[in-house]
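K.L.:
need the 3D shape of this:
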Amino acid sequence: MSKYIQIGNRKIGPDYPPFVIAEIGINHNGSIAKAKRMIRDAKRAGAECVKFQGHVLEDEMLEREARKTIPANSKVSIWEVMERSALSEAQERELKRYTEKLGLIFLSTPFSRAAANQLNRMGVKAFKIGSGECNNYPLVEHVARFGKPMIVSTGMNDISSIRKTVAILRKHKVPFALLHCTNMYPTPWNRIYLQAITKLRKAFPDIVIGLSNHSEGPWAALGAVALGASILERHFTSDRSWRGEDIPVSMDPAELKMILRGARAIWESRGDHKGPLKEEKPTIDFAFASVVTIAPIKAGEKFSMKNLWVKRPGTGEMRAEKFRSILGRRARKDIPKDIQLRWNHVM
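P.N.:
You can find the predicted model right below:
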């Protein structure tokens, strides 16, 4: 059986359509109304899953130090960003109910032990671990003890660091997937490194691999599917004119729809068969060439370039590939010009 993980009723892996996560994250800026609009818009675009972020500030950060730290994609401190965006447990529960009422999978990324406990109390079906927590081995182990599927982003970590995370997940026997990621906002094309998906697949051949992407446009996500990605994650917003640190790298409903459609098409296209298909027979019949006579040939006469050539259609007994093997042999009987050569013509 092929490798896969399962979240609810959804199987995720190479043998199943790509699982696209529309990450609402903190794009709501603390507004439940905005959050619900994004859930609705993701649903209308065809999404199966939306993801939020779980922030319990006092358990996540040292306030004094966090107020001095300004992210690359912000003009204010990380504390201020999260202070205006953090949701209460009641609010997260409300959004989870709303999401699931619409038939979508609700995911959230915990950034602390308290946030993880809160999500577990809420009965989430799986956990998403962000790149910044990939090597936060105490938190990874804490979440793994819940025994639920985990999707782990691996940005800012090398293979040796990821192996330590994988060892923890294997120890607790949780189903998990790994996502390649570059944590630049936006990520320029020459820093996406899609071939890292191939490296992850080689390093962890039994694990489901995907891409968490912060570049502009749908192209990196679609390229990742061609390389074997089974999960695609991207920030999502209903309106790119809204204020927010992650809005500039977010897809809107039209782009989400494009990625969903393109990812499915590329997934269906990526088989490794090379050879004629039975469905190609009608095309073979007119497109291939057959060995034909280009001059009358007497019984006993040698076949040569002067009396044989290859012409369409390919409905004759001898395809063009046999042409050289016939030259120099002799005709068994008289053969008129413009006839598809048959094996009973040849001595």
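
K.L.:
what about residue 152, helix or strand, and which?
P.N.:
Under the criterion of DSSP states H and E, residue 152 resides in strand 150-153.

K.L.:
so what strands line up beside that strand?
P.N.:
strand 127-129 (parallel), strand 176-181 (parallel) (DSSP bridges).

K.L.:
now do that strand, average pLDDT.
P.N.:
Strand 150-153 shows a mean pLDDT of 98.

K.L.:
how about stretch 277-297?
P.N.:
On average, stretch 277-297 scores 97.

K.L.:
how about a markdown table for the strands paired with strand 150-153, with mean pLDDT added?
P.N.:
Shown next, in a markdown table, are the strands paired with strand 150-153 (pLDDT from 0 to 100):
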| stretch | mean pLDDT |
| --- | --- |
| strand 127-129 | 98 |
| strand 176-181 | 98 |
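
K.L.:
go through those and name the closest to residue 227.
P.N.:
strand 176-181 (9.6 Å; C-beta to C-beta). Placement of C-beta: from N, CA and C, glycine included.

K.L.:
re the thing from before, got the contact list for the strand holding residue 152?
P.N.:
Contact with strand 150-153 is made by 5, 21, 107, 126-131, 134, 140, 143-144, 165, 169, 174-179, 181, 210, 212, 231, 233, as judged by C-beta atoms under 8 Å, 6 or more residues apart in numbering.

K.L.:
what about 6 Å?
P.N.:
127-131, 134, 174, 176-179, 181, 212 (C-beta atoms under 6 Å, 6 or more residues apart in numbering).

K.L.:
off-centre distance for that strand?
P.N.:
Put simply, strand 150-153 sits 14 Å off its chain's centre (C-alpha atoms, centre = their mean, to the nearest Å).

K.L.:
same thing with stretch 174-193?
P.N.:
Averaged over its C-alpha atoms, stretch 174-193 has a centre that lies 12 Å from its chain's centre (C-alpha atoms, centre = their mean).

K.L.:
quick one: end-to-end length of that stretch, please.
P.N.:
Across stretch 174-193, the terminal residues are separated by 28 Å (C-alpha to C-alpha, to the nearest Å).

K.L.:
stretch 300-309 now?
P.N.:
18 Å.

K.L.:
cool, stretch 206-217 as well?
P.N.:
Note: stretch 206-217 ends 30 Å apart using C-alpha to C-alpha.

K.L.:
what is the mean pLDDT for it?
P.N.:
97.

K.L.:
stretch 337-347 now?
P.N.:
97.

K.L.:
give me the buried positions along it.
P.N.:
Using 16 or more other C-beta atoms under 10 Å as the test for burial, stretch 337-347 gives 340, 341, 345, 346.

K.L.:
those in strands, which ones?
P.N.:
Assignment to strands by DSSP state E places none of the buried residues of stretch 337-347 there.

K.L.:
picking that back up, with distance to residue 255 added, can I get the strands paired with strand 150-153 in CSV?
P.N.:
Converted to CSV, the strands paired with strand 150-153 look like this (distance: least, C-beta to C-beta, whole Å):
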stretch, distance to residue 255
strand 127-129, 21
strand 176-181, 19
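
K.L.:
and residue 173, what element?
P.N.:
Per DSSP H and E, there is no helix or strand for residue 173.

K.L.:
for it, give its distance to residue 9.
P.N.:
21 Å (C-beta to C-beta, to the nearest Å).

K.L.:
what of residue 210?
P.N.:
Taken as C-beta to C-beta, the span from residue 210 to residue 9 is 19 Å.

K.L.:
what do you get for residue 245?
P.N.:
Residue 245 is 34 Å from residue 9, by C-beta to C-beta.

K.L.:
so which of these two has more stuff around it?
P.N.:
residue 245 (21 against 7; other C-beta atoms under 10 Å).

K.L.:
now do the contacts for that one.
P.N.:
73, 74, 81.

K.L.:
most neighbours, which of those residues?
P.N.:
residue 81 (22 neighbours).

K.L.:
wait, what's in contact with that residue?
P.N.:
74, 245.

K.L.:
can you give me phi and psi for it?
P.N.:
With angles defined as degrees, to the nearest 10, residue 81 sits at phi -60, psi -50.

K.L.:
how close does it sit to residue 88?
P.N.:
For residue 81, the distance to residue 88 - C-beta to C-beta - is 17 Å.

K.L.:
what's the first helix or strand after the longest helix seen in the chain?
P.N.:
If you go by DSSP state H, the chain has its longest helix at helix 253-269. Where DSSP H and E defines the elements, the next helix or strand beyond helix 253-269 is helix 281-287.

K.L.:
lovely, talk soon.
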